[in-house]
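Asks: predicted model follows, preceded by the sequence.
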Amino acid sequence: MHLILFLAFGAVCVGGAVNLLAQRHPINSALSLIAVMAALAGEYLLLGAEFVAAVQVIVYAGAIMVLFIFVIMLLNAGEEEQTNGSRVAILLGVPGMLTGSVLVAWVVLRHSGTEAVPIGALPGPPKEIAQLLFHDFLLPFEVTSVLILIAIMGAVVLASKPERAEGKAD
Amino acid sequence: MIVNWVATFFPALVQTLPQGADYVRILPEIVLSVFGMIVMVLEPLLDEEQSQKILGLIALVGTLAGLGATWFMAQSPGLAFWNMVQVDEFSVFFHVLVIAIATVVILISYEYMAVQRIRAGEYYALILFGVVGMALMSSAIELVLIFIALEISSISSYVLAGFRRHEAASAESSLKYFLLGSFATAFFLYGVALMFGATGSTNIDQISQTLQSGPIPLLAFVAVAFMFVGLGFKVGAAPFHSWTPDVYEGAPAPIVGLMSTAPKAAAFAVLLRIVFVIDVHAIFYVIWVAAALSMTLGNISAFLQNNVKRLLAYSSIAHAGYLLVAFAAAPGPGISAAMFYTAAYAAMNLGAFAVVSHFANAGERYVTLEDYEGLGRSSPLLAATLTIFLLSLIGIPMTGGFFAKFYVFNAAMKANLIWLTIIGVVNGGVGAYYYLRIIVRMYMRESRKEVPVMPVPFALRLALVACLVATIYLGIFPNSTLQYAQDSAQRLVWQSSFAPVSAEPGTAGTVVKIVKSGI
């Protein structure tokens, strides 16, 4: 079961990545990227990294992709196209969404009686991650700030308008 | 003081904090980062005309302070930050090399900036931060940290390559370098991930221990091959070399001097460390082929070039090939030969690019072979300097290039790599032709067009003298440098064969125990 799920998520991931490259409309590519991110979150979950999976969904599939799509929309990237694909999506998407919500509702209702686990009762991965991130891998973690600083400076340098013409005088 | 205060309240916590020695072992990186930030923050506060000189001076002081910090660092060898960083002769050697290269590059840039009208703040800051990454690459023994350091060094080079904002070629150079470089980085990262999958660790010492304890899994070979692809790109070895000429042609000349020496030296340092993780014979053939291809392709292509920057770009591919010959001969005398070669190559290549960058003039207009005609008469000193660097690149005795090649081929012969040595020596002969062609043009042809040669400014003179002294020093007294390289190589081999898990109080295992008992 584990292996099948792993392979299924892997297939979605690779398929999404290929679709990302194959699509010509940037929005379609961005949506495929979301699929890739979500499938990766599933892989992390299967590998026992709940925290990373949650962060993957919240940060990458959520926040960063929203930014992506905002940027694409601000850049006015072409007309929206109605294709056969989008009709198929409506046909499959609505029943699929309904099934999904029913499934979630069923699970929630079934387990509503069980006691909630108090926060911090289990030695969860966040603690281990903190130990790794702020102790064992403290130096790489800190050095990453230099990396980000360089990236910001690079963006500023390369995006700023060249002010003057290059030395013309002999 | 703060540590004492914390100690009284949280005794367990102090054990988990980095100790003073940890900071000393990354002192050069800290110093360079601080100076990088100073340069960055000061730039908007200064008058635009003054800022170039002042910031250049601060950056220069920064690199010199970095060299001083390296001396302090060398006094306390050992592991730091829980097996992340290892200070030994090997890392000190590359620290000194990389920071010295940056010092010379800042000297070369000092006047160049004004001529080309380049914004100084980000330029110097990026050089300093880039050197942080390169220095860290040489001392890191953890693949995750190596990856981040590699990215720091690469991203700063991508941006620096695009600094001639008014030239389309520079933007092209930056973009090409960025796209291909990211591709190569992905290979390296994939290799790291596979290595983690094969051995369950990203620490080089632990990987080496795991691999020595049993049969080497196939995945580990694949991992090393992927990492070799990534690093092979960074050092510009064939068949991953195609970016080199275009990037070098478009980038500012002093930056080409930096790019062709410092990040390469750092990447070679990483490669040297990684090559020892796995039994050399596993990737021996890959290195063999890459070395032979780099030498041959680099030299043949350099043959056909008319642009001096492109010519030197292809020659740098060929030199990467000679260096890889030493890798194929590792771990015998190969390591020290490779280390010596990086140092000698840095001195002569940087010197050559210093002359080229001065001669190219505003907008880098004079970079073709025709422009160099008659330089021997119009500016004899400059021509003589360039001649010495070119002779060293050929490998004429009395220059650093001679002993560099000599040790490399000597090591190859000792390792019984007869064919690789033959290919290398033949290539050395081919290489001599195109270097000599520049010299012939300078001295034996009349100049056909008016090429103004500016008087050499003081900072550049200093840089040229530094490169010249280093080239000739390595050519006449190679022993002390080689001895140091041999010592550090021996230490490296010894470490990898015993792979000691440090008995220091600050190692990861003990600290975890302390944390657990304390909480």
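Replies: Structure received.

Asks: helix or strand next in line after the least confident helix or strand in chain A by mean pLDDT, which one?
Replies: Every helix and strand in chain A was compared by mean pLDDT, DSSP states H and E; the lowest is helix A:125-131, with a mean of 81. Proceeding N to C from helix A:125-131, the next assigned helix or strand is helix A:138-159, under DSSP states H and E.

Asks: how about that next one, does it reach chain B?
Replies: Yes - using CB under 8 Å from any CB of the partner chain, helix A:138-159 reaches chain B at A:138-140, A:143-144, A:146-147, A:149-151, A:153-154, A:156-158. Using the backbone N, CA and C atoms, a C-beta is placed for each residue, glycine as well.

Asks: what residues sit buried inside whichever strand or helix holds residue B:225?
Replies: Assessed by DSSP H and E, residue B:225 sits inside helix B:218-234. Of the residues in helix B:218-234, those buried by neighbour count under the rule 16 or more other CB atoms under 10 Å in any protein chain shown are B:220-234.

Asks: return the residues of the stretch 51-200 of chain B in contact with chain A.
Replies: B:80-82, B:84-85, B:115-117, B:119, B:122, B:125-126, B:129-130, B:132-133, B:136, B:142, B:144-145, B:148-149, B:151-152, B:155-156, B:158-159, B:162-167, B:174.

Asks: what about these, which are in helices?
Replies: B:115-116, B:122, B:125-126, B:129-130, B:132-133, B:136, B:144-145, B:148-149, B:151-152, B:155-156, B:158-159, B:174 (DSSP state H).

Asks: what's near enough to touch the closest residue to residue B:184 other than its chain neighbours?
Replies: Once flanking residues are discounted, residue B:184 sits nearest to residue B:233: 3.4 Å by CB to CB, 6 or more residues apart in numbering or on different chains. By CB atoms under 8 Å, 6 or more residues apart in numbering or on different chains, residue B:233 lies in contact with B:180-181, B:183-184, B:187, B:240, B:243.

Asks: and the residues you listed, which are buried?
Replies: B:180-181, B:184, B:187, B:240, B:243.

Asks: tell me where chain A has helices.
Replies: Per DSSP H, chain A carries helices over the ranges A:2-22, A:26-46, A:50-55, A:65-74, A:84-110, A:125-131, A:138-159.

Asks: for the buried ones among the contacts of residue B:233, which one is nearest chain A?
Replies: residue B:181 (12.5 Å; CB to the nearest CB).

Asks: pretty sure that closest one contacts residue B:151?
Replies: No - between residue B:181 and residue B:151 there is no contact under CB atoms under 8 Å: 9.4 Å.

Asks: report the secondary structure state of residue B:339.
Replies: In three-state terms, and counting by DSSP: H, G, I helix; E, B strand; the rest coil, residue B:339 is helix.

Asks: residue contacts, residue B:343?
Replies: Residue B:343 is in contact with B:93, B:97, B:400, B:470, B:474, B:481, B:485, counting by CB under 8 Å, 6+ apart.

Asks: helix or strand: which one has the last one?
Replies: Element membership for residue B:485, per DSSP H and E: helix B:479-498.

Asks: ok, and what's touching that helix?
Replies: Contacts for helix B:479-498 (CB under 8 Å, 6+ apart): B:88-90, B:92-93, B:205, B:208, B:272-273, B:276-277, B:331, B:333, B:335-337, B:339-340, B:343, B:403, B:407, B:474.

Asks: gap between it and the chain center?
Replies: Centroid displacement of helix B:479-498 relative to its chain, using CA atoms, centre = their mean, to the nearest Å, is 19 Å.

Asks: and stretch B:17-27, by the same measure?
Replies: With CA atoms, centre = their mean as the basis, the mean position of stretch B:17-27 lies at 25 Å from the chain mean.

Asks: what about it and chain A, any contact?
Replies: Yes - among the residues of stretch B:17-27, B:18, B:26 lie within reach of chain A under CB under 8 Å from any CB.

Asks: for residue B:429, grab the count of nearby residues.
Replies: Other residues near residue B:429 come to 11 when the count uses other CB atoms under 10 Å in any protein chain shown.

Asks: got the contact list for it?
Replies: Residue B:429 neighbours (CB under 8 Å, 6+ apart): none.

Asks: what helix or strand is it on?
Replies: Here residue B:429, judged by DSSP H and E, is contained in helix B:418-444.

Asks: and that helix, what's buried?
Replies: Applying a neighbour-count criterion of 16+ other CB under 10 Å, one finds B:420-421, B:423-424, B:427-428, B:430-432, B:434-435, B:437-439, B:441-443 buried in helix B:418-444.

Asks: save the contacts of residue B:343 as a markdown table, and put in secondary structure and neighbour count too.
Replies: A markdown table is the format used below for the contacts of residue B:343 (DSSP: H, G, I helix; E, B strand; the rest coil; neighbours: other CB atoms under 10 Å in any protein chain shown):
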| residue | secondary structure | neighbour count |
| --- | --- | --- |
| B:93 | helix | 26 |
| B:97 | helix | 23 |
| B:400 | helix | 29 |
| B:470 | helix | 22 |
| B:474 | helix | 24 |
| B:481 | helix | 20 |
| B:485 | helix | 25 |
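
Asks: domain assignment for chain A?
Replies: A:1-78, A:124-160 (automatic domain parsing).

Asks: returning to what we had before: helices - which of the contacts of helix B:479-498 land there?
Replies: Judged by DSSP H, the contacts of helix B:479-498 include B:89-90, B:92-93, B:205, B:208, B:272-273, B:276-277, B:335-337, B:339-340, B:343, B:403, B:407, B:474 as members of helices.

Asks: PyMOL command for the buried members of those?
Replies: The PyMOL selection below is limited to those of the ones in helices among the contacts of helix B:479-498 classed as buried (16+ other CB under 10 Å):
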select buried, chain B and resi 89+90+92+93+205+208+272+273+276+277+335+336+337+339+340+343+403+407+474
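
Asks: now do stretch B:212-227: distance to the chain's middle.
Replies: Averaging C-alpha positions (CA atoms, centre = their mean) puts stretch B:212-227 26 Å from its chain's average.

Asks: nope, stretch B:146-159 is what I was after
Replies: Using CA atoms, centre = their mean, the offset of stretch B:146-159 from its chain centre is 12 Å.

Asks: ok, the nearest residue to residue B:398 once chain neighbours are set aside - contacts?
Replies: Distance criterion CB to CB, 6+ apart; nearest residue to residue B:398, sequence neighbours excluded, is residue B:475 at 4.9 Å. Shown in contact with residue B:475 (CB under 8 Å, 6+ apart): B:392, B:397-403.

Asks: mind checking how far residue B:475 is from residue A:5?
Replies: Using CB to CB, to the nearest Å, residue B:475 is found at 64 Å from residue A:5.
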